[in-house]
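K.L.:
Can you look at this prediction? I've put the sequence above it.
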Amino acid sequence: MVEIVKAGIEQCELLIKIGKDAFVESHGESASKADIDAFISRAYNIEGLYKELSNPNIQYHIIYYNNLVAGYSKIEFNVSNENIEHKNVTKLDRLYLLKAFYGQKLGAKLFDFNIELSKNNHQNGIWLAVWIENQRAIRFYEKNGFTIEGKYDFQISETHSNPNHIMYLAY
């Protein structure tokens with residue numbers, strides 16, 4: 001059974017754990033351990049998450065599979081990008097699925113959920129940044145209609161960044 005639930009302040013610790021685990025699983029080899037650890041401590045902390053969960057334009061959703069936490073998503077409404085000419089677009093900031101749940105089509109379910117949520121909030125499309133080495137994710141997004149619109153350097157640390165594609169899906 002699949003269930004998708006909007007996350008609140010009470011899920012902060014869970015979101016941090018999933019975020020750290022999923023980031024290491026998907027990007028852990030992209031930089032030194034020190035750089036990855038520094039990024040994780042900056043990106044996944046209680047203070048930052050509280051602030052985001054208090055912002056009505058940012059929504060986190062947790063996906064459960066057979067009552068087990070499988071991953072989460074983070075979207076932000078009305079976030080423009082220099083590579084995208086449309087206004088009123090959603091940024092899909094995170095679509096994290098733990099490796100133990102790959103192959104269950106849960107990423108697609110969470111993705112579809114976020115597309116509908118974006119449309120229901122009167123957005124004209126959705127964009128994201130994806131590491132150019134993450135071929136699995138790029139294939140998934142292309143299969144779902146996204147096109148590469150530009151580039152972005154994702155800063156892991158002061159000395160290391162990963163090249164990303166900016167991908168976009170218009171509605």
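P.N.:
Arrived safely, thanks for sending. Being a predicted model, the structure only gives us computed values, none of them experimental. Numbers count the residues shown, from 1 in each chain.

K.L.:
can I assume Ile75 sits in a helix?
P.N.:
No: with DSSP: H, G, I helix; E, B strand; the rest coil as the criterion, Ile75 is located in strand rather than a helix.

K.L.:
Looking at it now. What's its pLDDT?
P.N.:
Among the per-residue scores, Ile75 holds a pLDDT of 98.

K.L.:
If I follow the layout properly, it ends up in contact with Val89?
P.N.:
No: using C-beta atoms under 8 Å, Ile75 is not in contact with Val89, being 10.7 Å away. (Each C-beta comes from the backbone N, C-alpha and C, glycine too.)

K.L.:
Poorly predicted segments of the protein, please.
P.N.:
Under the criterion of pLDDT under 70, none of the chain is flagged as low confidence.

K.L.:
Could you tell me which residues within the helix or strand encompassing Asp21 count as buried?
P.N.:
Mapping Asp21 onto the secondary structure by DSSP states H and E places it in helix 12-27. By neighbour count, with 16 or more other C-beta atoms under 10 Å as the criterion, the buried positions of helix 12-27 are Cys12, Leu15, Ile16, Ile18, Gly19, Lys20, Asp21, Ala22, Phe23, Ser26, His27.

K.L.:
shared neighbours, Ile75 and Val89?
P.N.:
Overlap between the neighbourhoods of Ile75 and Val89 consists of Ile126, taking contacts as C-beta atoms under 8 Å, 6 or more residues apart in numbering.

K.L.:
Give the next helix or strand downstream of the helix holding Asp21.
P.N.:
For helix 12-27, the succeeding helix or strand toward the C-terminus, using DSSP H and E, is helix 33-43.

K.L.:
That next one vs helix 12-27, what angle?
P.N.:
Helix 33-43 runs at 150 degrees relative to helix 12-27, counting by axes from the mean of the first three to the mean of the last three C-alpha atoms, to 10 degrees.

K.L.:
which stretches of this protein form helices?
P.N.:
Taking DSSP state H, the helices of the chain run over residues 12-27, 33-43, 46-53, 106-120, 135-143.

K.L.:
Alright, I will stop here.
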